[in-house]
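Asks: Sequence first, predicted coordinates after that:
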There are 2 protein chains.
Amino acid sequence: MTQFAIGIDVGATSIKFAAVSKAGEFLSETREPTEGEKGKSAVVQNLLKGISALMAAHGHESLLGVGVGVPGVVGYNGIIKTLTNIPDWHDVNLAELLQSEMKTHFGIVPTVVVENDANVAALGESAFGVGKPFKDFVMITLGTGVGGGIILDKKIFRGSTGAAGELGHITIDFNSDTLHAGICGSIEGLIGHRQITAFAQKLLQHTPSSLIVELCGGDLSKLEPKILTDAAKAGDQVALQVWQFVGEILGVGIGTLVSVLDVRKFVIGGGVAGAGDFVLKPTLEQAKRFSLEAMHEGLEILPAELGNRAGVMGAAALCF
Amino acid sequence: MTQFAIGIDVGATSIKFAAVSKAGEFLSETREPTEGEKGKSAVVQNLLKGISALMAAHGHESLLGVGVGVPGVVGYNGIIKTLTNIPDWHDVNLAELLQSEMKTHFGIVPTVVVENDANVAALGESAFGVGKPFKDFVMITLGTGVGGGIILDKKIFRGSTGAAGELGHITIDFNSDTLHAGICGSIEGLIGHRQITAFAQKLLQHTPSSLIVELCGGDLSKLEPKILTDAAKAGDQVALQVWQFVGEILGVGIGTLVSVLDVRKFVIGGGVAGAGDFVLKPTLEQAKRFSLEAMHEGLEILPAELGNRAGVMGAAALCF
């Protein structure tokens, strides 16, 4: 049977699992609830359920290892320092927990690697997605928050303690009155999902006839990147302005990353990736305005390719 | 005789040379004019003069190599792409030029390593200065401009093309009307030497009785970091405010570097290092305000130790 790794993407509400071959074939997938509110052992049992399902399908003799992406801070030793939106996880050695459970249930002790989910997504794009041709690139994922992963020499760059790549907290407007995670004028505080929605709402006060309102069924709390993109495609001025704004903010941050890291390739993930040039064009223009001309050669802003599979595929890649 | 390397620090007006032992002993030094306006070969001849003087003093059989720091962009291959304030240096292989001249004059072909001067200063602090205990740190040097060097795992981090660490161009206030090197609201555009002077002048319009005016002999074009520090020590309010401002701006940029690189040690070089806590305290406070609390452990802002020897000592360290 094909050798495979199990890639796991732990989210606040559900856990995604996939069996992935070394060549990046997506063999199969499954999903379990997270149930973080029931405590650590409930989450571990849900992890085991998904792992069991994939091992039954693909044979545990072909298992190369288990990779897990988690929404939180992971130290160099693989120990989870803390998770975002999942309570009660402090200084947890999840790899050891899973290995001991797998020994009990399946009689094997596989390699288990645990890593921050934004780093994992970047690794996924590096191993199997748009990042494949590049030695160095930075991935920025826009969602509820703005996350990041830095790939240098095809590997995750983790910094002094393992927490590098907190790109949402880059400050581009320190006098701003936005305050997010305690930081003023950060990228996340300007273009996190809620901030984008609030910006659209502000614009809609002056342009109530926008297609956006129609596509949301009149309820702006349902505003999603896809709706903005559909409206932009139809020429809706508000939607175009929102993507322009998102791109400009993103571009300033990327300009700083060019100056600091001398990286020239940037991959944009999350729902915003579907907006294509509506957001990528202003991003590139602004990234150039906010970095030295001598550093523009080869500068590219690219949409992520793996979509919501980046997490599980990157997690599998942790084992290869 | 003690084995030594020759460290060379090429500036716009003069070239500094030092013989440095592997243990970091500063054996001797000399200086020549740069004479960049006379063209490349004049500069190379001046380089040779300084090298000859040190080789005569220390014996060329003990020479371990020649390291050169230059004010400009150096590619991975050691080729100088361009120099700042020294005309006519484009795509120059200075290492090869020096090796061929040294072969002709001394009959030897030593190792010659060429590197950007801000990176070299950081390497100097890493090998022989305040950075010695740290695997990773970032050095920021305030002078006419704001330069930087990133040390990861005790080595210069150079990025995709060799230009990493352009820290002066980090943008912290993208809506600002300051424009420097084409970039709005960059650190260099806010606290480069001229900008600091302009800020002091603005404050002095309202506080003309400041000690600063006296220490400059009434001529503010003579304003230097040392004068500001002396005035601050005497309790001068304008001087204190200037250092506070410099520290705050620097701190915002450092906050971003903490988020991106997860580096916790920062070394401040240039005349500003002498200002001590007048500038380092607000820098640290602001760095904390502009980064996640979870990333504050071990965060320190330290003054550089090697002063204007960082360039030659770091250049020598290129050979060790």
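Replies: Thanks, I have it. Numbers count the residues shown, from 1 in each chain, chains lettered A, B, ... in the order given.
Asks: need the contact list for the residue of the stretch 1-150 of chain A found nearest chain B.
Replies: Closest to chain B within the stretch 1-150 of chain A is A:Asp136: 4.8 Å, counting by Cβ to the nearest Cβ. For the C-beta atoms, the positions are set from N, CA and C on the backbone; glycine is no exception. Contacts for A:Asp136 (Cβ atoms under 8 Å, 6 or more residues apart in numbering or on different chains) come out as A:Ile151, A:Leu152, A:Asp153, A:Leu261, A:Val263, A:Arg264, A:Lys265, B:Gly159, B:Ser160.
Asks: Select from the residues you listed every entry located in strands.
Replies: A:Ile151, A:Leu152, A:Lys265 (DSSP state E).
Asks: which ones among the residues you listed come in contact with chain B?
Replies: With Cβ under 8 Å from any Cβ of the partner chain as the criterion, the ones in strands among the contacts of A:Asp136 include none near chain B.
Asks: Buried members of those into PyMOL, please.
Replies: To isolate the buried members of the ones in strands among the contacts of A:Asp136 in PyMOL, using 16 or more other Cβ atoms under 10 Å in any protein chain shown:
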select buried, chain A and resi 151+152+265
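Asks: Save the ones in strands among the contacts of A:Asp136 as JSON lines, and put in distance to A:Ala239 and pLDDT too.
Replies: Shown next, in JSON lines, are these (distance: Cβ to Cβ, whole Å; pLDDT from 0 to 100):
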{"residue": "A:Ile151", "distance to A:Ala239": "31", "pLDDT": "98"}
{"residue": "A:Leu152", "distance to A:Ala239": "36", "pLDDT": "98"}
{"residue": "A:Lys265", "distance to A:Ala239": "27", "pLDDT": "98"}
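Asks: tell me the secondary structure for the residue lying closest to A:Cys319 once chain neighbours are set aside?
Replies: By the measure of Cβ to Cβ, 6 or more residues apart in numbering or on different chains, the closest residue to A:Cys319 outside its immediate chain neighbours is A:Gly65, 3.3 Å from it. Secondary structure, DSSP: H, G, I helix; E, B strand; the rest coil: A:Gly65 is strand.
Asks: Show the pLDDT at A:Gly65.
Replies: In this model, A:Gly65 is scored at 97, pLDDT.
Asks: neighbours around it, how many?
Replies: 16 (other Cβ atoms under 10 Å in any protein chain shown).
Asks: for A:Glu166, same thing?
Replies: If you count neighbours by other Cβ under 10 Å, A:Glu166 ends up with 29.
Asks: Just want the phi and psi numbers for it.
Replies: Note on A:Glu166: its backbone torsions stand at phi -80, psi 70 [degrees, to the nearest 10].
Asks: quick one: contacts for it?
Replies: Contacts of A:Glu166 by Cβ under 8 Å, 6+ apart are A:Gly148, B:Ser259, B:Val260, B:Asp262, B:Leu292, B:Met295.
Asks: residue ranges with poor pLDDT in chain A?
Replies: The model of chain A has no residue with pLDDT under 70.
Asks: Would you map out the domains in it?
Replies: A:4-122+A:310-317, A:130-304 (automatic domain parsing).
Asks: how about the nearest residue to A:Cys184 once chain neighbours are set aside, phi and psi?
Replies: Closest residue to A:Cys184 apart from its sequence neighbours, by Cβ to Cβ, 6+ apart: A:Ser176 at 5.4 Å. In terms of degrees, to the nearest 10, the main-chain angles of A:Ser176 are phi -60, psi 150.
Asks: Counting neighbours, what do you get for A:Arg264?
Replies: So A:Arg264, with other Cβ under 10 Å, has 23 neighbours.
Asks: if I read this right, it contacts B:Ala164, doesn't it?
Replies: No - distance between A:Arg264 and B:Ala164: 11.1 Å, which falls outside the contact criterion (Cβ atoms under 8 Å).
Asks: Could you pull out the helices in the stretch 51-200 of chain A for me?
Replies: In the stretch 51-200 of chain A, helices defined by DSSP state H, counting those that start in this stretch lie at A:94-106, A:117-128, A:187-191, A:193-204, listed in chain order.
Asks: in the longest one, what counts as buried?
Replies: By that I understand helix A:94-106. Within helix A:94-106, the residues that count as buried by 16+ other Cβ under 10 Å are A:Leu94, A:Ala95, A:Leu97, A:Leu98, A:Gln99, A:Glu101, A:Met102.
Asks: Adding distance to B:Val272, write the residues you listed out as CSV.
Replies: Shown next, in CSV, are these (distance: Cβ to Cβ, whole Å):
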residue, distance to B:Val272
A:Leu94, 45
A:Ala95, 45
A:Leu97, 49
A:Leu98, 50
A:Gln99, 51
A:Glu101, 55
A:Met102, 56
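Asks: For the residue of the stretch 51-200 of chain A found nearest chain B, give me its contacts.
Replies: Per Cβ to the nearest Cβ, A:Gly159 is where the stretch 51-200 of chain A lies closest to chain B, at 2.6 Å. Counting by Cβ under 8 Å, 6+ apart, A:Gly159 makes contact with A:Gly165, B:Asp136, B:Leu261, B:Asp262, B:Val263.
Asks: Which residue, other than its chain neighbours, is closest to the fourth one?
Replies: Closest residue in space to B:Asp262, ignoring its immediate chain neighbours: A:Gly159 at 2.6 Å, by Cβ to Cβ, 6+ apart.
Asks: do the same with A:Phe17
Replies: That would be A:Gly50: by Cβ to Cβ, 6+ apart, it lies 3.8 Å from A:Phe17.
Asks: what residues are up against that neighbour?
Replies: Neighbours of A:Gly50 in contact, by Cβ under 8 Å, 6+ apart: A:Ile6, A:Ile8, A:Ile15, A:Phe17, A:Thr30, A:Arg31, A:Glu32.
Asks: need the residues of the stretch 201-320 of chain A near chain B, please.
Replies: Residues of the stretch 201-320 of chain A lying near chain B (Cβ under 8 Å from any Cβ): A:252, A:255-257, A:259-264, A:289-295, A:297-298.
Asks: how much space is there between the closest residue to A:Gly131 other than its chain neighbours and A:Asn119?
Replies: For A:Gly131, ignoring the flanking residues on the chain, the nearest one in space by Cβ to Cβ, 6+ apart is A:Glu125 at 4.1 Å. Remark: distance between A:Glu125 and A:Asn119 (Cβ to Cβ, to the nearest Å) = 11 Å.
Asks: Tell me if I'm right that A:Arg289 and B:Gly185 touch.
Replies: No - under the contact definition of Cβ under 8 Å, A:Arg289 does not touch B:Gly185, with a separation of 11.0 Å.
Asks: A:Leu98 touches A:Val70, doesn't it?
Replies: No - contact criterion Cβ under 8 Å: A:Leu98 and A:Val70 do not qualify, at 11.8 Å.
Asks: what about the longest helix in chain A?
Replies: Ordering each helix of chain A by length in residues (DSSP state H) puts helix A:237-261 first.
Asks: Please name every helix or strand in contact with that one.
Replies: Helices and strands touching helix A:237-261, by 3 or more Cβ pairs under 8 Å, 6 or more residues apart in numbering or on different chains; DSSP states H and E, are strand A:137-142, helix A:187-191, helix A:193-204, helix A:211-215, helix A:225-233, strand A:265-270, helix A:277-289, helix B:237-261.
Asks: before we move on, back to that, could you point out which of the helices of the stretch 51-200 of chain A sits nearest B:Ala56?
Replies: Closest to B:Ala56 of the helices of the stretch 51-200 of chain A is helix A:117-128 (Cβ to Cβ; 52.9 Å).
Asks: could you dump the closest one to CSV, C-alpha only?
Replies: Provided in CSV are the C-alpha atoms of helix A:117-128 (Å, rounded to 0.1, in the frame of the first residue of the first chain):
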residue,chain,number,x,y,z
ASP,A,117,-1.2,26.1,12.2
ALA,A,118,-0.1,29.2,10.3
ASN,A,119,3.4,27.7,10.0
VAL,A,120,1.9,24.4,8.9
ALA,A,121,-0.2,26.1,6.1
ALA,A,122,2.9,27.8,4.8
LEU,A,123,4.8,24.5,4.8
GLY,A,124,1.8,22.9,2.9
GLU,A,125,2.1,25.6,0.2
SER,A,126,5.9,25.0,0.2
ALA,A,127,5.7,21.2,-0.2
PHE,A,128,2.6,20.9,-2.4
